[in-house]
Structures are given as C-alpha cells and as structure tokens.
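S.K.: With the input below, show me the fold.
(one chain, ligands or ions: 3)
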Amino acid sequence: MPDSPCPPVPRVLGVAVPSPLRRLFDYRPCRESPPGGWQPGLRVTVPFGRREVVGMVAECRDESELPLSRLRPVAGCLDDTPLPADWLWLCRFAARYYQHALGDTLHQAMPGLLRQGRALEARTRERWSVTAAGRQEAPPGLARAPRQAELLAMLRQHPHGLVSQAILAQSFSRDQLRALADKGLVARHEEPLAASPAAEGDAGLAEPALPLNREQAVALAAVHERLDGFHPCLLHGVTGSGKTEVYLQLIEAVIARHRQALVLVPEIGLTPQTLARFRRRFRAPVVALHSGLTDHERLDAWEAAASGRAPIVLGTRSAIFTPLAHPGVIIVDEEHDGSYKQQDGLRYHARDLAVARAHHHRIPLLLGSATPSLESLQRAQHGDYRHLRLTRRASRHAPARLELVDLRGRRRQGGLIPPVIETVRETLAAGHQVLVFINRRGFAPTLACHACGWMAECDHCDARMTLHRQPPLLACHHCDRRRALPDACPECGSVDLRPLGSGTERTEETLASLFPEVPVHRIDRDSTRRRDALEQMLAEVRRGDPCLLVGTQMLAKGHHLPHVTLVVVVNADAGLYASDFRALEHSAQLLEQVAGRAGRAAHPGRVLVQTLHTDDPHLRLLAERGYDALAGQLLEERRAARLPPFRFLALLRLEAPDETAVVALGGLAAEALRQRIGERGLAVDCLGPVPAPMERRQNRYHLQLMLAADRRSQLHEAGAWLVAWLEGRPEARRVRWSLDIDPQTL
Ligand code: ADP
Ligand code: ZN
Ligand code: ZN
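M.R.: Numbering: from 1, shown residues only. Ligands and ions are numbered 1, 2, ... in the order given. This is a model prediction of the structure:
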C-alpha cells in the first residue's frame, strides 16, 4: 500500500468508557499518534475518576463543550488499527436501539482480554513439515542419528506437517527437530491456534450432503438464488423436517464463494452433537463461541472470525457480536428461543440484531424454527420475510398430536395418574423409551405443614422455596438462598411437614420405585452440573435400551432421541392463565418442542399431556390442530388487544431495597413522561407504574412502567427522553433502573 499522508491530528477525542452513563468523555490525543492516525475504533487507556480504564475512541473532533485546556490527554493508544468496523457499527446500532451507554455496550460486546487491553492477536503454535530436501530417497546426515531418521520418517507421513505438541508427545525432542531443521530437511511455520487452514487440509465437504426432499430443495433454492442482498427468510419446519440439512447446504454454497457464515443457536442447542455435525460436514474450520470457552480461546475465535480465516462461526447469543471479514449469511436456529434475549446490562435480542446486521451487510438471513415467534410469523405473513415451509419429517412419522389427559380428581403418584403410568408400563414393555417432562427441578415446589397450612417461603422474595432431596435443603430459585430443612413447623410446631406437588427429583424417585427393572435418567440443571454429565447420560440413552428420562426443558429442546416413543407432560397448565401476555405463546412452543421428541425414528410416537383444563380453548386448539393454528389465533388476539407484534413496548424497571424510594421515583417519572408525551404530541401510552409481578425479589422492591406505541420512532423518542430525565435526577441514584426495549418477559 502506498504511504498515505497521516490525517491531521484531531484536537478532541470523544471516548466511550465502560460506564452506565450515556455520553462520551472528551480527551486530548496523547503525544504519539497511532500509525494510521486517530480514528474511531481505537482502544485507549484514559484517566477516569481516580482510575485508569480502557475506553474506545468513538469520535474525532476539534471542539468540545469544555475548554480544551481543561481536557486531559489519553494515557495511551492500545491499537495500531481500529477494532473491526462491522463490529463497531453493530455496537453503535445496539447502543442506540436499546438506549444503552455506548461505552458499556462496547465493553460487553468484546472478549474479556480485549477489555483488559490485550492486543487483538491470535495465539500461535509451531507446525513442522518436511522440505523438498527432506523428501529425497536417503537424506544425508542421518546415518548416525537414528532418532532424527525416525522423526523424519514420521513427518513424511503427514503431508500437512505436525504441530510441536503432537511431535513431543511421541517422545521426540526439540533438539532433534532443530537438528533436522539445521540440515534443511524440515521447516517450521507459525500458525494461528484457531481455525488454521493447514490443520484442516483441503476445503470442501468431508461428509457428503444428503439429497434434499422437494420442500428442502425449494427452501434452499429460495435463499441460494439471492446470495447478494438482504434477503430475510423464515424457515418454518416441523421438528425433524431437515432444517439443519438446509443450513448446512446453504453454508456450503456461501463458503464456496469465500464468504463466512454466522450461525446462532440457543444456549441449550450448542451441544457437542451439533458441533460435531457441523465439523463432520465441512473440512473448513468451524469456530464455536459459547460460555464454556476460556478467555484466550474466545479471543482466538474472535480473531479467526475477524481476520476471515474462520469460514463458519457457530455460537450462542453473544456470538452475534462476532466481527466477520467477509460476511455471507446469518442463520438463527430456533429463532423463537428465549435465550436469545439478554436479560441484564445491554438487554438485546440476538435475533433482532441479526436482522439489523444482515440488512447492514446486505446478505441473506435465515430464521429457522418449528414454532416461530409471533413476531417472525407476523412479518412472514406480512411479506417482510419470505415464508419457507417444511411440513414433512425426514423420518416416516409425522409429529405426534398432543392427547390431553384430565387430572381433575385423580390420585397422582410423583405427579402421574394411574392410566398414564399404565401407558408408560406398556411402552417400556414394548422395548421403547419414555420421556417425562416436568418443568420444575427439585423434589417438590414447596414444603407445607399439614396441621396449619404454613408453606416454606423465601425471606427475600415473594416466592416459595423449593424442596430438594439431593442434597436435602430448601432453595429459592429466584435468589439462590438456601436453608436447612426445618424439623417442625415454625408456625405451629407440628412435625407433619410434607412436600407439596412434584419436581423432577420426586418424579424420578416415584418412577424408579414403580419400574425398578429399567434405568431412570434425570436431566435438569442440578443433575448436569458436572461437565459431560449430560453427554454421558444421552450417550447411554442413544444406545436404545428401554429407559425412562425425566427432565426439564433442558431435555425438551434440540436433542435427537430416536428411541423415545412416548412423551408425558406432567402438567401443561403453567402458561395457560399467566399474567404475562407471552406466556401462552412460550408454553405452546415448549409443548410442541417436547412433543417433537416423540417418534423421531422407526416407531410412531404418542404425547400425553396432563392438565386440569382439558376444556381450555387454547390448549384444545394446540392439541387438535397444532402450533401453527394456535399461533394464528394468538396473532388475531394480539391484534385485537393491541399487543406486540402489532404494537411496540418498552418497560422501565425500577428496584431498590427501599420501597418508598422506588414508588416515589416511579410516580415522578410517569408524571414527567406523560407531560412530555403531551407536549410533543406523541402517540405513546404510559401505563403504570405498577408493582412488578414479583414485587419483592432478592430483598428489593420492584416496580415497572410500561410504554406502548404504534410507531417505533415515537416509542424511541419517549424512551430516550425518559432515560435522559432519569440520568439527571438525584433521586434516581438510589434506585436501580433500566429500560428494556422489546421486553420478552414482563
Ligand atoms: P431439524 O433441524 O428440522 O430438526 P434435522 O436437519 O436435524 O431436522 O433432520 C432430522 C433428521 O432427518 C436427521 O437425522 C437428518 O439426518 C435427517 N434428514 C434431514 N434431511 C434429510 C434428507 N433430505 N434425506 C434424508 N434424511 C434427512
Ligand atoms: Zn404448622
Ligand atoms: Zn429468594
């Protein structure tokens, strides 16, 4: 590149520092300019209060609101070149859209080591390979060095060479390597640790693609014919209909054009099998980004994606912030999944950011789901997304319908009623596996006194404490407080304390005693704390011997369990009458996902759903006509009730230990906002403040204020004003508050 003249040095740098304040802080440049001149995206260390922090240049200007003489200089610049521009764009977009501080957004969206000031560099390793001289028949100088000759012979068997670690593991030494290198027989190369092309061999397919069925082919062609341009599609296909196969073949087409694919999967979906399936298919490196990585691994993966070396990046929510040198497609699997929404700090939705990002890059976007969110369905119906359907399973059997089973007046054992237990027995006797879904971990939802009706409650939350048996204790699932089991009722002294209801542990115990001849595997957050515990259990289940699986939604999603033919839902009622307007949608998605575990291979499946509300119209619609029919109905109800996706919401949450401070601030904020809305003539409704559904949580009082509008721009104007107002109020310093744009839970 020809030497371009350095841009003139700006007089002021607007720096985003990791702080909740929604503003930049002005500094003067330090004496030494970075090699490419001052630009947005360079990390700098700056004095901030009494500390020195890592911030980022966001603006280069010549003016400041402060006299220039009062500005302090930045302490130093950490980068020679700015961090990737596409990443910076997305962070700016997210900060603006979610009304969050840019400094904090950047901080959250970069790997930990970059936050600490490390360089954006990949770690490397050494690879040794044979030179042309070393490939000769009888290379000279080895007659009296038998180990060197053996080492050379070994390396000759590896056309792509071997990394030092692998060589040393064969009890060869560095001295022997160096000796061979001095003789010119082997050569040493440095290569990045992550996504190194040499390690993977030739690009192309490792495992052949499956011949697509008609629907899959139509879906693939629809995306494939327009790889240049923003082109959002909803891939709406029943569980097991081969959506993943469509993703894989789309990625193949994208990487053949030397572009990169970014694939998002839900937290629960990034299993070793998913990763293995991608790695089996492609010879190209697949980089995985998830919470289990070390800081170094995360930085390596980030660098591999940013440099363009990693053609395929697979990750959970935060992977949407992975920079890409040559973006080619973004795929969001299970786009309806709740784990895409970040619930604290920068409250972003990774699927929604994926839409913005694909639009920005002008690339196709594929949102896949068996049970699409009402947001995405509405956009598909409206024509904003192309609606691609996969209605048939690759295996022989259509997904099973839900059979509602009336719980009323029936004796339950471990949550199950006798006819259901009978069906379990028959299924096991036929040599099949049974999955029992119960969305409550622990032994029982609470412990109760039979004499006076006392129930174990958390001192810090408006919630009951869950009874656990392994180990025995009471735990609050909202704040993690734990307590020893009481010997007697704290109210009346009675010793007649009994578990109330069933959780996974109790159902497991009951099933183990009813069916001692088969193993019972419990799968929930408690039983899978140990790394690999889940994989070990699933590996055993996949061997196919009759067994019982008891689990929470951990088990309900994503896993392919070919030998399960009966699914039992212990209680379907949780979402039916909840106050949150999305509860029904989410619970229908979960039920359909659970049902999708049944009959995925050779045998048809059955799904028994226990409920106290067999006449509930929504539940009946789901059971009789499936998720799509229910979703259609729910969309109509949302339209009538003027709720999302037909309206846009933002939720202000306020919390503090002191209830009066929260209530006072909430009242003032609502009043000020209403006045502002009136002055500006905005069509924004301001609802509340009202106590949060769980008023007291973690010993803090929670209050909320809802903003609703037909037009997003007006909602944003009101939200931005409210946030600025709160930042300026002294009372707001004693209250923790946040604005959640497009809240997913109320
Ligand atoms: P989904 O992602 O929709 O749940 P998958 O892609 O995991 O579905 O496919 C489910 C099963 O069907 C897998 O075992 C897969 O190998 C198989 N499958 C998918 N597409 C085809 C096809 N075209 N021909 C044969 N089998 C297929
Ligand atoms: Zn009592
Ligand atoms: Zn609690």
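
S.K.: on contacts alone, who are the packing partners of the longest strand anywhere in the chain?
M.R.: Looking only at the chain and at elements set by DSSP state E, the strand with the highest residue count is strand 684-697. In terms of contacts (3 or more C-beta pairs under 8 Å, 6 or more residues apart in numbering; DSSP states H and E), strand 684-697 is packed against strand 648-656, helix 659-680, strand 700-709, helix 712-728. Glycine gets a C-beta too; all of them are placed from N, C-alpha and C.

S.K.: and these as a markdown table, adding mean neighbour count and distance to ligand 2?
M.R.: Converted to a markdown table, the helices and strands packed on strand 684-697 look like this (neighbours: other C-beta atoms under 10 Å; distance: least, C-beta to the ion, whole Å):
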| stretch | mean neighbour count | distance to ligand 2 |
| --- | --- | --- |
| strand 648-656 | 21 | 32 |
| helix 659-680 | 16 | 29 |
| strand 700-709 | 21 | 28 |
| helix 712-728 | 17 | 45 |
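
S.K.: and the ones you listed as CSV, adding distance to ligand 1 and mean pLDDT?
M.R.: Conversion of the helices and strands packed on strand 684-697 to CSV gives the following (distance: least, C-beta to the nearest ligand atom, whole Å; pLDDT from 0 to 100):
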stretch, distance to ligand 1, mean pLDDT
strand 648-656, 31, 97
helix 659-680, 45, 96
strand 700-709, 35, 97
helix 712-728, 32, 96
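
S.K.: Which of those sits closest to Ile363?
M.R.: Distance to Ile363, taken as C-beta to C-beta, is lowest for helix 712-728 among those, at 23.3 Å.

S.K.: Other residues contacting that closest one?
M.R.: By C-beta atoms under 8 Å, 6 or more residues apart in numbering, the residues outside helix 712-728 that reach it are 21-22, 99, 648-650, 652, 669, 672-673, 676-677, 680, 682-684, 686, 707-709, 732, 737, 739, 741.

S.K.: how does it look with 6 Å?
M.R.: Contacting residues not belonging to helix 712-728 are listed as 99, 648, 650, 672-673, 676, 682-684, 707, 709, 732, 737, 739 [C-beta atoms under 6 Å, 6 or more residues apart in numbering].

S.K.: Which neighbours in the sheet does the longest strand of the chain have, and how are they oriented?
M.R.: Using DSSP bridges, the strands paired with strand 684-697 in its sheet are strand 700-709 (antiparallel).

S.K.: Tell me if the strand it pairs with is near ligand 3.
M.R.: No - for strand 700-709 and ligand 3, the contact criterion (C-beta under 5 Å from the ion) is not met; the two come no nearer than 10.6 Å.

S.K.: Taking strand 648-656 as reference, get the angle to that strand.
M.R.: Taking axes from the mean of the first three to the mean of the last three C-alpha atoms, to 10 degrees, strand 700-709 and strand 648-656 form an angle of 160 degrees between their directions.

S.K.: Spatially, what comes nearest to the closest residue to ligand 2 within the stretch 301-450 of the chain if we skip its sequence neighbours?
M.R.: Scanning the stretch 301-450 of the chain for proximity to ligand 2 using C-beta to the ion identifies Cys449 as nearest, at 3.1 Å. In space, and not counting its chain neighbours, Cys449 is closest to Cys489: 3.9 Å by C-beta to C-beta, 6 or more residues apart in numbering.

S.K.: Just to be sure, Pro211 is in a strand?
M.R.: No - for Pro211, which was evaluated using DSSP: H, G, I helix; E, B strand; the rest coil, the result is coil, with no strand membership.

S.K.: Just the pLDDT at it, thanks.
M.R.: At Pro211 the predicted local distance difference test score is 92.

S.K.: Next, work out how far apart it and Ala222 are.
M.R.: Distance, Pro211 to Ala222, by C-beta to C-beta, to the nearest Å: 18 Å.

S.K.: Of the helices and strands packed on strand 684-697, which is nearest Met154?
M.R.: Closest approach to Met154 among those is made by strand 648-656 (62.2 Å; C-beta to C-beta).

S.K.: interface residues of the protein facing ligand 3?
M.R.: By the criterion of C-beta under 5 Å from the ion, the positions of the chain lying close to ligand 3 are 458, 460-461, 476, 478-479, 481.

S.K.: Do a quick rundown of the strands in the stretch 301-450 of the chain.
M.R.: Here the stretch 301-450 of the chain has its strands, by DSSP state E, counting those that start in this stretch, at 312-315, 327-332, 364-369, 386-390, 402-406, 433-437, 446-449.

S.K.: about what we covered before: okay, among the contacts of helix 712-728, which ones form the most distant pair?
M.R.: In the contacts of helix 712-728, the most distant members under the criterion C-beta to C-beta are Ala683 and Ala732, with 26.4 Å between them.

S.K.: Which of the two has more residues huddled nearby?
M.R.: When neighbours are counted by other C-beta atoms under 10 Å, Ala683 and Ala732 differ, and Ala732 comes out ahead with 17 against 12.

S.K.: show me the residues around the more buried one that make contact.
M.R.: Counting by C-beta under 6 Å, 6+ apart, Ala732 has contacts Leu726.

S.K.: Show me what from this structure comes close to ligand 2.
M.R.: By C-beta under 5 Å from the ion, the residues of the chain that approach ligand 2 are 449, 451-452, 454, 489, 491-492, 494.

S.K.: Next, format these as CSV and append pLDDT.
M.R.: As requested, these are arranged in CSV below (pLDDT from 0 to 100):
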residue, pLDDT
Cys449, 95
Ala451, 94
Cys452, 95
Trp454, 95
Cys489, 95
Glu491, 94
Cys492, 95
Ser494, 95
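
S.K.: can you list those residues in CSV and add neighbour count, secondary structure and distance to Val420?
M.R.: As requested, the residues of the chain next to ligand 2 are arranged in CSV below (neighbours: other C-beta atoms under 10 Å; DSSP: H, G, I helix; E, B strand; the rest coil; distance: C-beta to C-beta, whole Å):
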residue, neighbour count, secondary structure, distance to Val420
Cys449, 22, strand, 29
Ala451, 15, coil, 32
Cys452, 12, coil, 33
Trp454, 17, coil, 31
Cys489, 21, coil, 33
Glu491, 12, coil, 35
Cys492, 12, coil, 36
Ser494, 13, coil, 33
